[in-house]
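Enquirer: fold the following for me, if possible:
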Amino acid sequence: MSDYTPTSAGMFSPNDVYVEELYFQYLRDPNSVSPEWQAYFRQYSTNGTAPTQMTNGAPTVPPVPSSLAVPVTAGTLPSTPDVRPGEQLEPLSGISERIAKNMAQSLRVPTATSVRDIPIKVLEENRLLINEHLARTRRGKLSYTHIIAWAIVRALRKYPRLNDSCTQTADGKFYRVRREHINIGLAVDTTRADGSRVLVVPSIKSAETLSFADFIAQYDQLIEKARRGTLSVEDLTGTTVTLTNPGMIGTVMSMPRLMEGQGLIIATGSIGYPAQFEAVMPEVLVTLAVSKVMTITSTYDHRIIQGAESGEFLQYMERLLKGEENFYDQIFASLGIPFDPYRWTSDNRLNPFGPQEKDEQLEKETLVNKLINAYRVRGHVAADINPLGYESYYYPELQLSYYGLTVWDLDRHFDTGGLGGVKRAPLRDILRMLRQTYCGQIGIEYMHIQSPEQKFWIQDYVERTRFSREFSPTERLAIYQKLVEAETLEQFINTKFIGAKRFSIEGGEAFIPTLAHLLRRASEAGLKGAVLGMAHRGRLNVLVNIMGKQPEKLFNEFEGVFDHDSVQGSGDVKYHLGAQAIVRSEQGSDLSVVLSPNPSHLEAVNPVVEGMARALCDEFGDRSYSSVLPILVHGDAAFAGQGIVQETLNLMRLRGYRTGGTIHIIINNQIGFTTSPEDG
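Expert: Reported below is the predicted structural model:
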């Protein structure tokens, strides 16, 4: 908890109202406030005053006046032009009085205001792109104010003098207070239990030292605490600059009051098209490249900040919100978004006031088709498939700028060539479909396939479904059960057999429900069998949770107790054993599953499994080689580094080795036996 010392009664803060309400709540029931506030109120209540003035110093409180209305009659009150006989005076009390005093005291600060209209086309489009990615990765949502607040922090780093404040000593001399850190206050309008509203201004401390992701995390934490009424003393003090957002309720422009102790307050207005364009058809707005705008005001302490400084500050904010100074690039990098942000450029239409030239229209249609093809060929390089953290791969052919397209083309309609079953769509929707299909948490590469029939079947399926599927409650429960079984077994072995040699599946537990689902689907499809080959990692989990091995037998093997008929070998013989099982689908069909023995943690089992599958097909007389499914499970480092993997793949089309196709599953926990993640 911060240590406060008394200041003059003339120092006020927007948070006084909130603190006074907490104090009265504390007087009624001390346990109704947090221990931090209890200690704070005890410290200053010993002399009969309540700490409600929360500037950077200590609080004092005036007595609470009566709320009785006083009728006005001739001679009862001093003459005032605002009150006439027959009217009533109702004293302001408690919170209402505190607000009035705060506003009166704020008049002591000589202020001026700079105003700037900022086009927010790039801000709007990049925010949509960010939120699409965050929604896909289940990481919340970004508001306009998140980005604007960060732009203020960035601008204050360039113009630090606007983060200062002015103070006056007892002898009347004025001083500039140079602030060490940027503590940006966020004006939050909260609703109290009785339905009334109160404004609080918590602040993010040392904002200039934070990454954007950390800044957003602290921002959201403060907002949540404000709404729950759990703000601390530290949260409410030390603000050096404030952002208020009356635009969220439709206000176009605001010039808020500046309190003592701060040199700057920023207000953002509503976002919309300029008033003169409100009745214009959307198609015309798109044709003319008209952007929505937002009015930003900078109200500053004129004793230490001059108008030119404020104007340059707002100009720099506009540059940032348009994407200059790598503003959005840093945001995208901090959030792990692999796409190139949209950038502010002039519209490049030849004649915006007339119909598009035929050649120009055909050229742009061709460029959009090239963009679509680039995602089909290279979209997987930007897919979110790295479980240890995202390292985005910049590929220029996935960017609008590579084709001469601009942010103004996003609202314009283009031919898609049948993308996802849609004939024509705005470029924004085309990009959204492409990213959902090729840049989500599944990467797919298929355009190299030489068979047009196979290639276009895959293309139609993935672009139509975008890899989305709703699981039934039964399926979701089955997936959850398998995940729990896999995790529980690993935790038990790790707890009970500390130090024992083990090749854990940790980091790849999703493999177990994946394999279970794959075998069920094979059973439903009428296959006669499946042959499974894998190395050591995750093998014990497969033996127990897929092949049905009794856990007590596994635990005995950890203790060195083996079946009498088991092959003698080293202490990790349990990782070498094979198994057989029957998988039954919900329709009642059975599938015989064989897990091949494997005496090596390398990939030597690969051709063995293919040979077993081919032998079974020959035994069944199946010349289509479609009755037995080979499944090979790899570690990612081994798949890339072991030559036998490629050698086995090279045999797949030879008549003597054909098995009808193999499903390869790579457990991508990036743990190689001799390979680091960077090399793998």
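Enquirer: spatially, what comes nearest to residue 297 if we skip its sequence neighbours?
Expert: Closest residue to residue 297 apart from its sequence neighbours, by CB to CB, 6 or more residues apart in numbering: residue 267 at 4.7 Å. Every C-beta, even on glycine, is put in place using the N, C-alpha and C of the backbone.
Enquirer: just the element for the one you found, please.
Expert: Counting by DSSP states H and E, the element that carries residue 267 is strand 264-272.
Enquirer: helices or strands next to the helix or strand following that strand in the packing?
Expert: Sequence order places helix 282-288 as the next helix or strand after strand 264-272, per DSSP H and E. Here helix 282-288 touches no other helix or strand, going by 3 or more CB pairs under 8 Å, 6 or more residues apart in numbering; DSSP states H and E.
Enquirer: now helix 282-288: buried residues?
Expert: Buried residues in helix 282-288, defined by neighbour count with 16 or more other CB atoms under 10 Å: 286, 287.
Enquirer: same check on stretch 524-532?
Expert: 527, 528, 529, 530, 531, 532.
Enquirer: who touches residue 592 in this structure?
Expert: 528, 529, 530, 580, 581, 582 (CB atoms under 8 Å, 6 or more residues apart in numbering).
Enquirer: let me fix that, I meant to ask about residue 310.
Expert: 112, 114, 162, 264, 298, 300 are the contacts of residue 310 under CB under 8 Å, 6+ apart.
Enquirer: and the closest residue in space to the first one that isn't next to it in sequence, how far from residue 557?
Expert: The shortest distance from residue 112 to any residue that is not its chain neighbour, by CB to CB, 6+ apart, is 4.8 Å, and that residue is residue 302. Applying CB to CB, to the nearest Å, the value for residue 302 to residue 557 is 81 Å.
Enquirer: comparing the two, which residue is more hemmed in?
Expert: Using other CB atoms under 10 Å as the criterion, residue 302 and residue 557 rank with residue 557 on top: 21 against 17.
Enquirer: so, low pLDDT: which residues of the stretch 351-500 of the chain?
Expert: 351-357, 387-393 (pLDDT under 70).
Enquirer: do you have the strands of it handy? List them.
Expert: 413-415, 424-426 (DSSP state E, counting those that start in this stretch).
Enquirer: and the ones you listed as a markdown table, adding mean neighbour count and distance to residue 507?
Expert: Below are the strands of the stretch 351-500 of the chain laid out as a markdown table (neighbours: other CB atoms under 10 Å; distance: least, CB to CB, whole Å):
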| stretch | mean neighbour count | distance to residue 507 |
| --- | --- | --- |
| strand 413-415 | 18 | 42 |
| strand 424-426 | 15 | 39 |
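Enquirer: turn those into TSV, columns for distance to residue 127.
Expert: Below are the strands of the stretch 351-500 of the chain laid out as TSV (distance: least, CB to CB, whole Å):
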stretch	distance to residue 127
strand 413-415	22
strand 424-426	17
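Enquirer: so where does residue 630 fall, helix or strand?
Expert: Going by DSSP H and E, residue 630 is in strand 628-635.
Enquirer: send me the helix or strand that that strand is followed by as PDB with only the CA atoms.
Expert: Heading C-terminal from strand 628-635, the first helix or strand you meet, by DSSP H and E, is helix 636-641. C-alpha atoms of helix 636-641 as PDB (Å, rounded to 0.1, in the frame of the first residue of the first chain):
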ATOM      1  CA  ASP A 636       8.400 -34.200 -35.300                       C
ATOM      2  CA  ALA A 637      12.200 -34.200 -35.000                       C
ATOM      3  CA  ALA A 638      12.400 -37.900 -36.100                       C
ATOM      4  CA  PHE A 639      10.100 -37.400 -39.000                       C
ATOM      5  CA  ALA A 640      12.300 -34.600 -40.400                       C
ATOM      6  CA  GLY A 641      15.600 -36.100 -39.500                       C
END
